[in-house]
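Participant: quick one, fold the following:
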Amino acid sequence: MVEPSDRRALRRLATIDEALDHAVDVMTEQGVGALSVSEVARRLGMRAPSLYKYFPAGLHELYDALFARAVQSAVATASAAAGTLPSGVARLRAFGRGYVRWAVDNPALAQLQHWRVVPGFAPSAEVMALSHRSMQTAVIEFQAAVDAGELRPEATAEDALATWTVLLSGLMTQQLANEPGASFGDGRFTRLTDPVFDLWFNRYSTNPRRP
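Facilitator: Numbers count the residues shown, from 1 in each chain. The predicted structure is shown next:
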């Protein structure tokens with residue numbers, strides 16, 4: 001039997017989740033910076049003061065929860081794309097493609113995560129910790145590719161990993177900024193995902209292709 005306190009907790013979580021769904025809709029329709037507590041409350045069928053019970057710090061706490069959703073959703077999608085592929089370059093490629101595809105499919109959340117589109121907003125330390133943990137997971141994957149003999153040890157160096165993130169963010173940013181609405185497969189920039197990845201993997205491969 002579910003205790004009353006548990007039911008209240010479940011209802012609270014459901015309301016928060018629904019509020020975030022509406023918030024994503026608002027950002028998608030009107031722009032990430034156009035989000036407001038009052039509009040989310042209206043779509044929930046409640047008055048704005050009632051929504052502050054769930055987000056006491058107001059709009060920036062709402063953005064913070066959305067940023068956390070973006071991090072978790074992006075990693076989950078990329079991990080699903082990698083599936084059960086063994087550690088190595090093929091798995092890293094699949095993970096990267098999944099991440100870029102997620103950005104194209106979730107433009108509002110991707111913009112919040114990668115662009116500074118909300119003046120004065122910065123993710124909380126707790127939410128940034130989520131982002132750092134996701135990066136550590138990526139480091140483990142790159143190290144596994146090194147251990148498998150497919151990449152040189154330099155592939156796990158700070159500059160190499162930073163370059164990888166530049167490639168990912170560059171692909172999604174170019175696509176979202178210049179051709180919004182196009183699919184991952186048809187996008188002018190995202191269809192170049194694999195050729196762009198080739199540049200990075202060839203740079204750190206144990207068996208690089210010669211021009």
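Participant: for the rest of this, base every contact and every neighbour count on C-alpha atoms.
Facilitator: Fine.
Participant: where exactly do the helices run in the protein?
Facilitator: Assigned helices in the chain, in chain order: 4-30, 37-44, 48-51, 59-82, 89-105, 107-114, 125-147, 158-178, 193-204 (criterion: DSSP state H).
Participant: dump the ones you listed into TSV; add mean pLDDT, mean neighbour count and distance to G187 as well.
Facilitator: Listed next are the helices of the chain as TSV, based on pLDDT from 0 to 100; neighbours: other CA atoms under 10 Å; distance: least, CA to CA, whole Å:
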stretch	mean pLDDT	mean neighbour count	distance to G187
helix 4-30	92	15	18
helix 37-44	97	17	31
helix 48-51	94	16	38
helix 59-82	97	20	19
helix 89-105	97	22	9
helix 107-114	96	22	13
helix 125-147	94	16	25
helix 158-178	96	17	7
helix 193-204	96	16	10
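Participant: in TSV: these, plus distance to G185.
Facilitator: Formatted as TSV, the entries for those read as follows, by distance: least, CA to CA, whole Å:
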stretch	distance to G185
helix 4-30	21
helix 37-44	32
helix 48-51	39
helix 59-82	15
helix 89-105	9
helix 107-114	15
helix 125-147	24
helix 158-178	11
helix 193-204	9
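Participant: what's the closest of these to F184?
Facilitator: The stretch from the helices of the chain with the least distance to F184 (CA to CA) is helix 89-105; that distance is 5.6 Å.
Participant: wait, M172 sits on A103?
Facilitator: Yes. Distance between M172 and A103: 6.2 Å, which falls inside the contact criterion (CA atoms under 8 Å).
Participant: so which residue is dead centre in this structure?
Facilitator: For the chain, the residue sitting closest to the mean C-alpha position, by CA atoms, centre = their mean, is A74 at 3.6 Å.
Participant: for that residue, what are its contacts?
Facilitator: Residues in contact with A74 (CA atoms under 8 Å, 6 or more residues apart in numbering) are 99, 102-103.
Participant: measure D21 to G58 for me?
Facilitator: In this structure, D21 lies at 16 Å from G58, with CA to CA, to the nearest Å as the measure.
Participant: an error on my part: the question was meant for E39.
Facilitator: Taking CA to CA as the measure, E39 falls 13 Å from G58.
Participant: next: R42.
Facilitator: In terms of CA to CA, R42 sits 15 Å off from G58.
Participant: repeat that for R91.
Facilitator: According to CA to CA, R91 stands 40 Å off from G58.
Participant: kindly report the same for S205.
Facilitator: If you measure S205 against G58 using CA to CA, the figure is 48 Å.
Participant: ok, those two, which is more surrounded?
Facilitator: Using other CA atoms under 10 Å as the criterion, S205 and G58 rank with S205 on top: 20 against 16.
Participant: enumerate every residue touching that one.
Facilitator: When contacts are counted by CA under 8 Å, 6+ apart, S205 is found next to 150-152.
Participant: any idea which of those residues has the most stuff around it?
Facilitator: With neighbours defined as other CA under 10 Å, the most crowded of those is L151; it has 24 neighbours.
Participant: how about it, what does it touch?
Facilitator: Listed by CA under 8 Å, 6+ apart, the contact partners of L151 are 89, 145, 201, 204-206.
Participant: ok, what's across the strand from it?
Facilitator: According to DSSP bridges, the residues that bridge with L151 are S205.
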